[in-house]
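Asker: Pasting a predicted model and its sequence here:
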Amino acid sequence: MGWTLHVLLLGLLLPGLQAFKPLLGNSITHREITEIAILRKTIEVCRALAIAEGRDFPLPTGGRLSASIVQRACSPNNGSLWSAVKFKDSIITIYLSNADVDVIYLLSDRHHFRGEEFTGSRALITDGMASIKATVQQGNFISARFTLGKICHTLQDFYSNSNWIELENEHPNTNLIRPDEGIGYIAGEINKDNDGADHGHLHRAAAAMAVEATMELLEDIRGAAGESNFLQY
């Protein structure tokens, strides 16, 4: 499906539905949440690897992270434009797969933490994580990126659609990425998808929590895959 058709379909289908917007919008989108989480987690992993190897790792300064800034920080001896382009392309693959959930699974409650499908939604996340860990170990990074985008969408929608933020929780619901733990007593159908939504005053808090939750999911995958595989992935 071409980029233009992606944007057209998303624009036609999404108004009125409860979830972070996928790619475009005046509020914080799935794209921004996903990209911020990936960049922050990548910096963390690169720094941990440098410390373990006894190398200095000066943290990037000067504001918001970008793919090129993170790539230069993680690979100071390989500052080629091609390396930065490949890293950015990996991120784009992930957030476009994330956005596809709003097209392919538009009416699926469990893909968006809607209705009474919270257990099914969590299963999508944990099954997807198991698949990612297996495919990364096999070196199939492209498949892993597509799966990551999809499950990140579902995970992020939990914070847009549930009352987790209204309950004044200060940290993500870690049990969403653990298949054998209870999710807790959570209510759904509470719209924080943008600043103008019913609970729009909590939109930015929900988005910030979704970033943290996405980083937590990435950390779990990193623990299983190892630093080297994680950074290739």
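Answerer: Cool, the structure landed. Remember, predicted model here, so these are calculated numbers, not experimental data. Numbers count the residues shown, from 1 in each chain.

Asker: Could you tell me which residues make contact with residue 137?
Answerer: Residue 137 is in contact with 225, 229, counting by Cβ atoms under 8 Å, 6 or more residues apart in numbering. To be clear about C-beta, it is placed using only N, CA and C from the backbone, and glycine gets the same treatment.

Asker: so what pLDDT did residue 49 get?
Answerer: Note on residue 49: pLDDT of 89.

Asker: That one: neighbouring residues, count only.
Answerer: Neighbours of residue 49 under the rule other Cβ atoms under 10 Å: 16.

Asker: distance of residue 187 from residue 59?
Answerer: 39 Å (Cβ to Cβ, to the nearest Å).

Asker: the helices in this protein, which residues?
Answerer: Counting by DSSP state H, the chain has helices at residues 3-13, 30-52, 67-74, 81-104, 118-137, 141-161, 203-225, 227-232.

Asker: neighbour-wise, which of residue 187 and residue 59 wins?
Answerer: Ranked by neighbour count (other Cβ under 10 Å), residue 187 and residue 59 place residue 187 first, with 12 against 8.

Asker: so what's that one up against?
Answerer: 162-163.

Asker: re earlier: winner for burial among the helices of the chain?
Answerer: Of all the helices of the chain, helix 141-161 has the most neighbours on average by mean count of other Cβ atoms under 10 Å, namely a mean of 24.

Asker: Would you mind writing the CA trace of that one as CSV?
Answerer: Only the C-alpha atoms of helix 141-161 are listed here, as CSV (Å, rounded to 0.1, in the frame of the first residue of the first chain):
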residue,chain,number,x,y,z
PHE,A,141,15.0,-8.3,11.8
ILE,A,142,12.5,-7.1,9.2
SER,A,143,9.8,-9.4,10.4
ALA,A,144,10.5,-8.4,14.0
ARG,A,145,10.1,-4.7,13.2
PHE,A,146,6.7,-5.2,11.6
THR,A,147,5.5,-7.2,14.6
LEU,A,148,6.9,-4.5,17.0
GLY,A,149,5.0,-1.8,15.3
LYS,A,150,1.7,-3.7,15.7
ILE,A,151,2.1,-4.6,19.3
CYS,A,152,3.3,-1.1,20.2
HIS,A,153,0.1,0.3,18.8
THR,A,154,-2.0,-1.9,21.1
LEU,A,155,0.1,-1.2,24.1
GLN,A,156,0.0,2.5,23.5
ASP,A,157,-3.8,2.5,23.1
PHE,A,158,-4.2,1.1,26.6
TYR,A,159,-3.1,4.5,28.0
SER,A,160,-5.4,6.4,25.6
ASN,A,161,-8.5,4.3,26.2
